[in-house]
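Trainee: My questions are about this predicted structure, shown below with the sequence.
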Amino acid sequence: MADPVYFSGLFLSGLTRGSIYALIALGYTMVYGIIELINFAHGEIYMIGAMTSLIVASVLGLWGWNEAVIAILAVVFAVVYSCAYGFTVEKIAYKPLRNAPRLSALISAIGMSLFLQNYVMLAQTPEFLPYKSLIPDFAFWEPYAHIITSVELTIIVTTVIIMVQLGMLIKFTRMGKAMRATAQDKVMSALVGINVNNVISTTFVIGSATAAIGGVLIACHVGQINFYIGFLAGLKAFIAAVLGGIGSVPGAVLGSLVLGISESYFTGYFRSEYEDVFAFAILVIILIFRPSGILGRHDTQKV
């Protein structure tokens with residue numbers, strides 16, 4: 001605790017981890033805010049984004065393409081492919097159950113998560129695959145590389161940019177206003193001419209895009225991926241969304257940063273083997289003492 005360099009290093013590591021959680025948690029909180037559904041297949045969309053970028057980067061690398069072009073195309077294909085999956089999952093697994101009991105949609109979400117896991121495992125391999133980072137070492141950042149690496153800097157900056165753009169989209173654009181209206185009252189939104197189905201599909205697509213970017217960034221940071229990386233990351237992002245207040249975009253970001261930094265300090269000063277136990281303990285405590293989360297609202301039902 002007395003070493004300020006070690007303390008600040010853990011903070012930056014937690015900030016990086018929290019940034020990744022935030023990119024995934026946004027999908028959870030946006031979908032829940034509009035249709036009150038926990039999309040447990042969202043972690044697998046994150047995994048599919050990482051897998052797609054690996055395939056694209058590997059193929060283009062064999063063809064001898066420029067590294068910068070490879071990085072750009074790998075991210076673009078990962079986002080497009082993940083958005084297609086998110087859109088399809090919503091149409092197949094959730095839209096037919098929109099008026100069904102919530103338990104039916106929850107079971108469908110869990111089933112879709114398991115299906116996508118096993119689909120990728122059979123289509124690719126159950127083993128870990130090496131992932132060559134798409135992010136180079138920046139020459140201008142070399143004097144500070146011992147504090148925070150180029151990959152970690154890219155993760156944090158990218159997350160901040162996405163958060164700002166997403167906030168502007170929700171607050172200032174026509175689609176953002178439609179999202180807010182749909183979240184308040186789907187029936188009245190439809191009566192005033194808003195295409196609720198399109199709004200919900202767009203929400204899934206946006207959440208899938210941010211998750212795909214998170215998958216690519218974490219793969220560059222860790223250096224390996226497999227079919228199972230989305231399951232635990234998805235659960236951690238769900239915890240972060242609940243911690244911040246599920247349904248609240250700022251809450252998802254705040255909860256992700258709090259969880260990431262807390263985990264980093266816990267593993268740095270205690271035992272890394274209990275990192276996941278610590279995260280789920282936070283979830284239990286939040287659900288007991290503040291189920292609405294840090295920035296969540298407690299809705300009072302009037303009789």
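Mentor: The structure has been received and is ready for your questions.
Trainee: now the lowest-mean-pLDDT helix or strand in the chain, how far from the centre of its chain.
Mentor: In the chain, no helix or strand scores lower on mean pLDDT, DSSP states H and E than helix 275-289, which sits at a mean of 83. From the chain centre to the centre of helix 275-289 is a distance of 19 Å (Cα atoms, centre = their mean, to the nearest Å).
Trainee: got the contact list for that helix?
Mentor: 232, 236, 239, 242-243, 259, 262-263, 266-267, 293 (Cβ atoms under 8 Å, 6 or more residues apart in numbering). Any C-beta I mention is one placed from the backbone N, CA and C, and that applies to glycine too.
Trainee: Looking at these, spot the one nearest residue 38.
Mentor: The nearest member of the contacts of helix 275-289 to residue 38, counting by Cβ to Cβ, is residue 242 at 9.5 Å.
Trainee: which helices and strands does whichever strand or helix holds the closest one pack with?
Mentor: Secondary structure from DSSP states H and E places residue 242 in helix 229-244. Applying 3 or more Cβ pairs under 8 Å, 6 or more residues apart in numbering; DSSP states H and E, one finds that helix 229-244 contacts helix 4-35, helix 42-62, helix 102-123, helix 196-222, helix 249-269, helix 275-289.
Trainee: May I ask which two of the contacts of helix 275-289 are separated the most?
Mentor: 267 and 293 (23.5 Å).
Trainee: out of these two, which sits in the more crowded spot?
Mentor: Taking other Cβ atoms under 10 Å, residue 267 and residue 293 do not tie; residue 293 has more neighbours (24 against 18).
Trainee: isn't that one right next to residue 240, touching?
Mentor: No. If you go by Cβ atoms under 8 Å, residue 293 and residue 240 don't touch, sitting 9.7 Å apart.
Trainee: Now do the shared contacts for the two.
Mentor: Here residue 293 and residue 240 have residue 255 as joint contacts, going by Cβ under 8 Å, 6+ apart.
Trainee: Residue 29 is in contact with residue 248, isn't it?
Mentor: Yes. Between residue 29 and residue 248 there is a contact under Cβ under 8 Å: 6.3 Å.
Trainee: Neighbour count for these two, which is higher?
Mentor: Using other Cβ under 10 Å as the criterion, residue 29 and residue 248 rank with residue 29 on top: 30 against 22.
Trainee: Quick check, pLDDT for the residue lying closest to that one once chain neighbours are set aside.
Mentor: For residue 29, ignoring the flanking residues on the chain, the nearest one in space by Cβ to Cβ, 6 or more residues apart in numbering is residue 252 at 4.1 Å. On the pLDDT scale, residue 252 is placed at 88.
Trainee: cool, residue 189 as well?
Mentor: Predicted confidence (pLDDT) for residue 189: 89.
Trainee: again with the one 5 residues further on
Mentor: The confidence metric pLDDT takes the value 90 at residue 194.
Trainee: tell me the SS of it?
Mentor: What DSSP: H, G, I helix; E, B strand; the rest coil gives for residue 194 is coil.
Trainee: That one: what's it in contact with?
Mentor: 178, 181-182.
Trainee: is it possible to export these to CSV including secondary structure?
Mentor: Below are these laid out as CSV (three-state DSSP):
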residue, secondary structure
178, helix
181, helix
182, helix
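Trainee: just to revisit the earlier point, mark which of the contacts of helix 275-289 are buried, thanks.
Mentor: Neighbour-count burial (16 or more other Cβ atoms under 10 Å) is assigned, among the contacts of helix 275-289, to 236, 239, 242-243, 259, 262-263, 266-267, 293.
Trainee: My read is that residue 35 contacts residue 98, right?
Mentor: Yes. Contact criterion Cβ under 8 Å: residue 35 and residue 98 qualify, at 7.1 Å.
Trainee: Give me the more crowded residue out of these two.
Mentor: Neighbours per residue (other Cβ under 10 Å) separate residue 35 from residue 98, with residue 35 holding more: 21 against 14.
Trainee: list the buried ones in stretch 267-282?
Mentor: 267-268, 278-279, 282.
Trainee: Distance across it, terminal residue to terminal residue?
Mentor: End-to-end distance for stretch 267-282, by Cα to Cα, to the nearest Å: 14 Å.
Trainee: again, but for stretch 127-134
Mentor: First-to-last residue span, stretch 127-134, Cα to Cα: 21 Å.
Trainee: Contacts for it, please.
Mentor: Stretch 127-134 is contacted from outside by 50, 53-54, 57, 61, 67, 70-71, 74-75, 151, 216, 219-226, using Cβ under 8 Å, 6+ apart.
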